[in-house]
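Participant: sequence and predicted structure, then a few things I'm wondering about:
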Amino acid sequence: MLDLIQKRRSTRKFTADKVEQEKIDQLLKAALWSPTSKNNRPWEFVVVEDSQTLEQLSQCKPHGASFLANAPLGIVVLGDAGKSDVWVEDCSIASILMQMTAESIGLGSTWIQIRLRLDEEGSTAGDNVKEVINAPENLEVLGIMAFGYKAKERQPYSEDVLLWDRVHYEKF
Ligand SMILES: Cc1cc2nc3c(=O)[nH]c(=O)nc-3n(C[C@H](O)[C@H](O)[C@H](O)COP(=O)(O)O)c2cc1C
(Lines give C-alpha, C1' and ligand atoms only; values in the text may rest on other atoms or scores of the structure.)
Protein backbone atom coordinates (compact mmCIF):
# COMPACT_ATOMS: atom_id res chain seq x y z
CA MET A 1 0.00 0.00 0.00
CA LEU A 2 2.73 2.48 0.93
CA ASP A 3 4.46 1.81 -2.41
CA LEU A 4 1.21 2.64 -4.23
CA ILE A 5 0.79 5.84 -2.21
CA GLN A 6 4.35 6.88 -3.05
CA LYS A 7 3.88 6.07 -6.74
CA ARG A 8 0.46 7.73 -7.26
CA ARG A 9 0.70 11.06 -9.07
CA SER A 10 -2.07 12.96 -10.81
CA THR A 11 -2.41 11.94 -14.46
CA ARG A 12 -3.90 14.50 -16.81
CA LYS A 13 -2.70 13.01 -20.11
CA PHE A 14 -4.17 9.67 -21.07
CA THR A 15 -3.73 7.27 -23.97
CA ALA A 16 -6.69 6.79 -26.32
CA ASP A 17 -7.39 3.33 -24.83
CA LYS A 18 -10.74 2.74 -23.22
CA VAL A 19 -10.85 1.51 -19.64
CA GLU A 20 -12.20 -2.05 -19.65
CA GLN A 21 -15.57 -2.63 -17.93
CA GLU A 22 -13.87 -5.06 -15.51
CA LYS A 23 -11.59 -2.27 -14.32
CA ILE A 24 -14.47 0.22 -14.09
CA ASP A 25 -16.23 -2.34 -11.88
CA GLN A 26 -13.15 -2.56 -9.67
CA LEU A 27 -13.10 1.22 -9.24
CA LEU A 28 -16.79 1.17 -8.35
CA LYS A 29 -16.32 -1.68 -5.86
CA ALA A 30 -13.67 0.40 -4.09
CA ALA A 31 -16.15 3.28 -3.84
CA LEU A 32 -19.12 1.15 -2.81
CA TRP A 33 -17.09 -0.70 -0.13
CA SER A 34 -15.65 2.54 1.29
CA PRO A 35 -16.39 3.43 4.90
CA THR A 36 -18.99 6.10 5.68
CA SER A 37 -20.13 7.75 8.87
CA LYS A 38 -22.86 5.67 10.53
CA ASN A 39 -22.73 3.51 7.41
CA ASN A 40 -25.05 6.08 5.82
CA ARG A 41 -23.55 5.66 2.34
CA PRO A 42 -24.79 9.05 1.11
CA TRP A 43 -22.93 8.89 -2.23
CA GLU A 44 -23.99 8.37 -5.84
CA PHE A 45 -21.61 7.76 -8.75
CA VAL A 46 -22.15 8.57 -12.42
CA VAL A 47 -19.84 6.77 -14.84
CA VAL A 48 -19.20 8.81 -17.98
CA GLU A 49 -17.45 7.43 -21.08
CA ASP A 50 -19.28 9.34 -23.78
CA SER A 51 -16.77 11.77 -25.29
CA GLN A 52 -19.36 14.50 -25.84
CA THR A 53 -20.49 14.32 -22.22
CA LEU A 54 -16.88 14.37 -21.03
CA GLU A 55 -16.28 17.44 -23.20
CA GLN A 56 -19.32 19.17 -21.65
CA LEU A 57 -18.18 18.27 -18.13
CA SER A 58 -14.70 19.61 -18.88
CA GLN A 59 -16.24 23.06 -19.30
CA CYS A 60 -18.05 23.14 -15.95
CA LYS A 61 -15.40 25.43 -14.43
CA PRO A 62 -12.74 27.68 -15.98
CA HIS A 63 -9.60 26.01 -14.61
CA GLY A 64 -8.47 22.51 -13.83
CA ALA A 65 -11.08 20.48 -15.69
CA SER A 66 -10.24 20.96 -19.39
CA PHE A 67 -8.12 17.79 -19.59
CA LEU A 68 -11.26 15.72 -18.87
CA ALA A 69 -12.26 16.28 -22.51
CA ASN A 70 -9.43 13.93 -23.52
CA ALA A 71 -9.87 11.36 -20.77
CA PRO A 72 -11.58 8.06 -21.58
CA LEU A 73 -13.47 7.92 -18.29
CA GLY A 74 -14.85 10.23 -15.64
CA ILE A 75 -16.73 9.25 -12.52
CA VAL A 76 -18.83 12.03 -11.03
CA VAL A 77 -19.10 11.75 -7.24
CA LEU A 78 -22.25 13.20 -5.68
CA GLY A 79 -23.52 13.24 -2.12
CA ASP A 80 -26.87 13.56 -0.43
CA ALA A 81 -26.62 16.10 2.39
CA GLY A 82 -30.04 14.90 3.54
CA LYS A 83 -28.60 11.46 4.24
CA SER A 84 -25.44 12.59 6.02
CA ASP A 85 -24.06 15.80 7.52
CA VAL A 86 -20.58 14.50 6.68
CA TRP A 87 -21.24 13.59 3.04
CA VAL A 88 -18.14 15.55 2.01
CA GLU A 89 -15.91 13.28 4.08
CA ASP A 90 -17.74 10.16 2.90
CA CYS A 91 -17.51 11.16 -0.76
CA SER A 92 -13.85 12.16 -0.37
CA ILE A 93 -12.96 8.78 1.10
CA ALA A 94 -14.72 6.99 -1.76
CA SER A 95 -12.87 9.22 -4.24
CA ILE A 96 -9.38 8.62 -2.91
CA LEU A 97 -10.03 4.89 -2.62
CA MET A 98 -11.00 4.87 -6.31
CA GLN A 99 -7.78 6.75 -7.08
CA MET A 100 -5.68 4.25 -5.12
CA THR A 101 -7.48 1.32 -6.74
CA ALA A 102 -6.81 2.90 -10.14
CA GLU A 103 -3.10 3.03 -9.33
CA SER A 104 -3.14 -0.61 -8.23
CA ILE A 105 -4.63 -1.77 -11.56
CA GLY A 106 -2.35 0.25 -13.82
CA LEU A 107 -4.56 3.30 -14.36
CA GLY A 108 -3.84 6.97 -13.78
CA SER A 109 -6.30 9.38 -12.22
CA THR A 110 -6.88 12.98 -11.19
CA TRP A 111 -9.36 14.51 -8.79
CA ILE A 112 -11.28 17.42 -10.31
CA GLN A 113 -12.72 19.64 -7.59
CA ILE A 114 -16.31 20.73 -8.19
CA ARG A 115 -17.71 21.55 -4.74
CA LEU A 116 -17.30 25.30 -3.96
CA ARG A 117 -16.07 26.07 -7.48
CA LEU A 118 -17.77 28.63 -9.78
CA ASP A 119 -17.75 29.26 -13.50
CA GLU A 120 -16.96 32.64 -15.09
CA GLU A 121 -20.60 33.78 -14.84
CA GLY A 122 -20.80 32.97 -11.14
CA SER A 123 -22.88 29.79 -11.51
CA THR A 124 -21.69 26.91 -9.42
CA ALA A 125 -19.64 24.24 -11.17
CA GLY A 126 -21.84 21.73 -9.34
CA ASP A 127 -25.02 23.05 -11.01
CA ASN A 128 -23.27 22.94 -14.38
CA VAL A 129 -22.29 19.30 -13.80
CA LYS A 130 -25.75 18.38 -12.56
CA GLU A 131 -27.34 19.83 -15.67
CA VAL A 132 -25.05 17.80 -17.95
CA ILE A 133 -25.77 14.49 -16.18
CA ASN A 134 -29.43 15.13 -15.24
CA ALA A 135 -28.69 14.76 -11.52
CA PRO A 136 -31.57 15.16 -9.07
CA GLU A 137 -31.90 18.50 -7.28
CA ASN A 138 -31.20 17.11 -3.79
CA LEU A 139 -27.70 15.89 -4.62
CA GLU A 140 -24.48 17.90 -4.43
CA VAL A 141 -21.41 17.30 -6.54
CA LEU A 142 -18.12 16.73 -4.73
CA GLY A 143 -15.93 16.21 -7.75
CA ILE A 144 -15.18 14.29 -10.89
CA MET A 145 -12.50 11.63 -10.89
CA ALA A 146 -10.76 11.32 -14.27
CA PHE A 147 -9.32 7.89 -15.12
CA GLY A 148 -7.42 6.30 -17.96
CA TYR A 149 -4.16 4.73 -19.01
CA LYS A 150 -1.23 7.05 -18.36
CA ALA A 151 0.29 8.63 -21.48
CA LYS A 152 3.51 9.05 -19.49
CA GLU A 153 4.74 7.75 -16.15
CA ARG A 154 5.49 10.46 -13.61
CA GLN A 155 8.23 10.32 -11.01
CA PRO A 156 7.04 8.78 -7.76
CA TYR A 157 7.38 10.90 -4.64
CA SER A 158 10.80 10.94 -3.00
CA GLU A 159 11.53 10.82 0.72
CA ASP A 160 12.71 14.48 0.43
CA VAL A 161 9.20 15.89 0.09
CA LEU A 162 7.90 14.41 3.33
CA LEU A 163 6.99 17.31 5.65
CA TRP A 164 8.02 15.66 8.87
CA ASP A 165 7.83 19.04 10.64
CA ARG A 166 4.03 18.83 10.32
CA VAL A 167 4.00 15.81 12.60
CA HIS A 168 3.69 16.35 16.33
CA TYR A 169 3.88 13.74 19.03
CA GLU A 170 1.70 14.02 22.12
CA LYS A 171 1.33 17.84 22.00
CA PHE A 172 1.94 20.64 19.48
C1 LIG B 1 -9.31 17.99 -3.06
C2 LIG B 1 -8.51 18.01 -4.34
C3 LIG B 1 -8.93 18.79 -5.39
C4 LIG B 1 -8.22 18.79 -6.59
N5 LIG B 1 -8.71 19.49 -7.65
C6 LIG B 1 -8.07 19.43 -8.85
C7 LIG B 1 -8.64 20.04 -10.00
O8 LIG B 1 -9.72 20.62 -9.97
N9 LIG B 1 -7.94 19.94 -11.17
C10 LIG B 1 -6.76 19.27 -11.26
O11 LIG B 1 -6.19 19.21 -12.36
N12 LIG B 1 -6.20 18.68 -10.18
C13 LIG B 1 -6.83 18.72 -8.99
N14 LIG B 1 -6.33 18.05 -7.90
C15 LIG B 1 -5.04 17.35 -8.02
C16 LIG B 1 -3.94 18.12 -7.27
O17 LIG B 1 -3.57 19.26 -8.02
C18 LIG B 1 -2.74 17.18 -7.06
O19 LIG B 1 -3.16 16.08 -6.29
C20 LIG B 1 -1.61 17.89 -6.32
O21 LIG B 1 -1.05 18.91 -7.13
C22 LIG B 1 -0.48 16.92 -5.96
O23 LIG B 1 -0.01 16.24 -7.10
P24 LIG B 1 -0.09 14.66 -7.23
O25 LIG B 1 -1.55 14.27 -7.28
O26 LIG B 1 0.63 14.32 -8.48
O27 LIG B 1 0.53 14.06 -6.01
C28 LIG B 1 -7.03 18.02 -6.71
C29 LIG B 1 -6.62 17.23 -5.64
C30 LIG B 1 -7.35 17.20 -4.48
C31 LIG B 1 -6.91 16.29 -3.38
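Facilitator: Arrived safely.

Participant: what pairs with the strand ranked longest in the chain, parallel or antiparallel?
Facilitator: Looking only at the chain and at elements set by DSSP state E, the strand with the highest residue count is strand 139-148. When pairs are called by DSSP bridges, strand 139-148 turns out to pair with strand 73-80 (antiparallel), strand 108-113 (antiparallel).

Participant: which of those strands sits closest to the ligand?
Facilitator: Of all the strands paired with strand 139-148, the one in closest proximity to the ligand, counting by Cβ to the nearest ligand atom, is strand 108-113 (3.5 Å). Glycine gets a C-beta too; all of them are placed from N, C-alpha and C.

Participant: mind listing what's buried along the closest one?
Facilitator: Buried residues in strand 108-113, defined by neighbour count with 16 or more other Cβ atoms under 10 Å: 108, 109, 110, 111, 112.

Participant: and the ligand, is the next helix or strand after that strand touching that?
Facilitator: With elements assigned by DSSP states H and E, the helix or strand that comes after strand 108-113 is helix 125-133. No - against the ligand, helix 125-133 shows no contacts by Cβ under 6 Å from any ligand atom, the least distance being 9.1 Å.

Participant: what's the answer for stretch 99-119, then?
Facilitator: Yes - for a cut-off given as Cβ under 6 Å from any ligand atom, stretch 99-119 has contacts with the ligand, namely 110, 111, 112, 113.

Participant: please apply the same query to stretch 64-84.
Facilitator: Yes - Stretch 64-84 lies in contact with the ligand when judged by Cβ under 6 Å from any ligand atom; the contacting residues are residue 64.
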